[in-house]
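Trainee: Have a look at this prediction, sequence included:
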Amino acid sequence: MPAKEYTWGLGRRKTSVARVRIAPGSGQILINKRPIEQFFPVDRRRQHVVSPLDATERLEAYDVHVNVKGGGETGQAGACVMGIARALLKAEPELERALRAQGFLTRDDRMVERKKYGLRGARRGCQFSKR
C-alpha cells in the first residue's frame, strides 16, 4: 500500500495552535488521535470545525488529522477551522474564493490582554479607599 500524500495547514486562534494534515479519503476526522465526536462533544463546535469542508462540499473527500494544543475549546475549534481551510487551499487552489468568502482564511488576531504591573488584571486596579 503506497504512503498517503498529505497536505499540511497551520491554524491559530487566541493561544491555540492546530497542525492539520489532510489526505484524500472517506471523510474521517481525528483530533489529537480521537474522533471529532469525542474531542468536541458540543455539536456547535463540531459544526464549526467541519464548516470549511461543508462550504467547499469536500466533507467526504478528505481524511483530516489535527494536532491541537493550547487555549480552550473555542480557541481550539477556531484554530482547527483555519488549519483545515489552509490545507484545503494548498490541495485545491481553486477553492480560495469559496473559503475567503466565508472568512475561513482570515486570522482572528484578538488575544487576551496581558496583566499589567501594579494592577489586579489587565485594567482593573485596586479598590479606591478614601480613608
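Mentor: Sure thing, it's come through.

Trainee: use CA for all of it now, contacts and neighbours both
Mentor: Will do.

Trainee: which residues of this structure score low on pLDDT?
Mentor: 1-3 (pLDDT under 70).

Trainee: which residues touch the lengthiest helix in it?
Mentor: Across the chain, the helix with the greatest residue count (assigned by DSSP state H) is helix 73-91. Taking contacts as Cα atoms under 8 Å, 6 or more residues apart in numbering, the residues outside helix 73-91 that touch it are 7-22, 40, 45-46, 48-53, 64, 66, 68-70, 95-96, 99, 104-107.

Trainee: If we use 7 Å, what do you get?
Mentor: 7-22, 45, 48-49, 52, 68, 95-96, 99, 104-105 (Cα atoms under 7 Å, 6 or more residues apart in numbering).

Trainee: so how far is it from its chain's centroid?
Mentor: 4 Å (Cα atoms, centre = their mean, to the nearest Å).
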